[in-house]
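Colleague: A predicted structure for the sequence below; I have some questions about it.
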Amino acid sequence: MVNIILFGPPGSGKGTQSANLINKFGLIHLSTGDLLRSEIEAKTPLGLEAKKVMDQGILVPDEVVIGMISSKLDANPDARGFIFDGFPRTTAQAEALDKLLALKKTSISVVLALEVPEHELISRLLGRGATSGRPDDANEDVIRARIVEYHNKTAPVADHYAKYGKFKKIKGEGSVEEIFERLSKEIDSLVVEEKV
C-alpha cells in the first residue's frame with residue numbers, strides 16, 4: 001500500500017496534482033474536509049459529534065478526525081493506497097496518524113511537498129481569484145497571510161517526516177504535466193520498491 005501526503009502552500013497546484021495522481025496510481029483521495037461533510041450528511045455518531053463542535057465555531061478534535069480516517073481505511077481494505085489531503089496539519093496529528101496506520105499494518109510512504117516561490121503563488125492565486133469569485137484569492141494581503149500560516153503550521157510536520165527520511169521536496173514550477181511527471185517519478189520508485 002502506497003500512502004502519500006501531498007503538501008503545498010495555497011496555489012501550489014495540490015488539487016490538480018492530487019486528481020492526476022489518483023487517476024494514474026488508483027489511490028483513494030482522503031480529504032478530511034470531504035470526510036467531515038459526508039459523516040455529517042450520513043448522521044454517523046462521529047458526524048453528529050463533529051457537527052456539534054463545528055456549530056460552536058470550534059475546530060473538530062483530532063480524535064474525531066482520526067476516527068473518520070480509520071473508518072475510511074476500514075471501508076477500503078483492498079485500496080492500493082491513499083493520498084492524504086489537508087491532514088496532518090500539526091505534529092500531534094502526524095503522530096496520531098502514524099499510530100493509526102501502524103495499527104492497520106501500514107504507514108506513510110512519502111510526504112511530497114510542492115515548492116513554489118511566493119511571487120509565483122501570489123500571481124497564480126490572484127489569477128484564480130479573478131475567475132473563481134473566491135474572495136480569499138482576490139486580496140494579496142490575505143494570500144500572503146495564508147502562505148505564512150501554511151509555512152508556520154506545516155514546517156513541524158515536514159520535520160517530523162524528514163526524521164524518518166520520508167520527506168521530499170518537489171519543484172512545483174513549470175507546466176502541470178512537468179510537475180506531474182516529477183511527482184509520478186517519486187511514486188513510481190515507491191511502487192517498484194513495494195513489489196520487490
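Modeller: All right, it came through fine.

Colleague: what separates the residue nearest the centre of the chain from Asp55, distance-wise?
Modeller: The centre of the chain sits closest to Asp85, judged by Cα atoms, centre = their mean, with a distance of 2.1 Å. Counting by Cβ to Cβ, to the nearest Å, the separation of Asp85 from Asp55 is 24 Å. The C-beta positions use only the backbone N, C-alpha and C, and glycine is treated the same way.

Colleague: Identify the bridge partners of the residue nearest to the centre of the chain.
Modeller: Here Asp85 sits in beta bridges with Ser31, as judged by DSSP bridges.

Colleague: residues contacting it?
Modeller: By Cβ atoms under 8 Å, 6 or more residues apart in numbering, the contact list for Asp85 reads 6, 14, 18, 29-32.

Colleague: now swap in Glu115 and tell me
Modeller: By Cβ under 8 Å, 6+ apart, the contact list for Glu115 reads 12, 169-172.

Colleague: And it, how close does it get to Lys168?
Modeller: Counting by Cβ to Cβ, the gap from Glu115 to Lys168 is 10 Å.

Colleague: elements contacting the longest helix anywhere in the chain?
Modeller: Criterion DSSP state H: the longest helix present in the chain is helix 140-162. Secondary-structure packing of helix 140-162 (3 or more Cβ pairs under 8 Å, 6 or more residues apart in numbering; DSSP states H and E): strand 2-7, helix 91-103, strand 110-115, helix 118-132.

Colleague: Of these, which stretch is the most buried?
Modeller: Compared across the helices and strands packed on helix 140-162, strand 2-7 shows the largest average neighbour count, a mean of 24 (mean count of other Cβ atoms under 10 Å).
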